[in-house]
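pasted the sequence and its predicted model underneath.
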Amino acid sequence: MIVSMLLGTILLLAVMSFYGFSLSSFASMTNYADLNNQSRNASDMLSRDIRASTSVASATTNQLVLHASDGTNVSYTYDVAGGSLTRAKGGDSRTVLKGISTLSFTLYQRPTNSYAAYEQFPLSKPGTAKLVAFKWTCSRRVAGPVNDSETLETAMVQMRNE
């Protein structure tokens, strides 16, 4: 009787441990999927605005202002303290992405040498930019002391209406 109770207790502890691990893994996977979905949506919106813009009005590592084809400016601003990316156009302003750890914008122009490799783009200023690159890292704490979800998004988008 004592041996069977001991084996039953060990089996119950193993099942409970597996259940706890499964819950943590499920929470992490759900968090990864949600974070990746939000990051992809923000990337799509930013890429769409870059492609439709006529030129870059100004750019820093934390802010990008684009001249839209309808004559208004579209700005994307990264709030370092709040870890969020905000899109503003006209009177409409909304948060596009939250939980950002790092974000940067970089401007490039077309290669000056036609024999240069495709990936070699010279850096640019707002007036001569043809390509806009952005890169961000998002992270979120999942239940538990050391369990985080993180995603990285990077892209180089060409302005089509320049």
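Sure, I can see it.

residues contacting residue 53?
By C-beta atoms under 8 Å, 6 or more residues apart in numbering, residue 53 lies in contact with 66, 67, 68, 69, 74, 159, 161. C-beta coordinates here come from the backbone N, C-alpha and C atoms, glycine included.

what does the least confident helix or strand in the chain by mean pLDDT contact?
Counting by mean pLDDT, DSSP states H and E, the chain has its least confident helix or strand at strand 148-158, which shows a mean of 79. By C-beta under 8 Å, 6+ apart, the surrounding residues in contact with strand 148-158 are 28, 31-32, 35-36, 39-40, 42-43, 46-47, 50-51, 101, 108, 121, 130-142.

one more time with 7 Å, if that's ok
Outside of strand 148-158, the residues within contact range by C-beta atoms under 7 Å, 6 or more residues apart in numbering are 28, 31-32, 35-36, 39, 43, 47, 50-51, 130-142.

tell me which of those residues fall in strands.
Judged by DSSP state E, the contacts of strand 148-158 include 131, 132, 133, 134, 135, 136, 137, 138, 139, 140, 141 as members of strands.

got those residues as a markdown table, with neighbour count and pLDDT columns?
Below are the ones in strands among the contacts of strand 148-158 laid out as a markdown table (neighbours: other C-beta atoms under 10 Å; pLDDT from 0 to 100):
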| residue | neighbour count | pLDDT |
| --- | --- | --- |
| 131 | 16 | 87 |
| 132 | 27 | 90 |
| 133 | 15 | 90 |
| 134 | 22 | 92 |
| 135 | 14 | 92 |
| 136 | 23 | 91 |
| 137 | 16 | 89 |
| 138 | 23 | 88 |
| 139 | 16 | 83 |
| 140 | 18 | 77 |
| 141 | 12 | 73 |
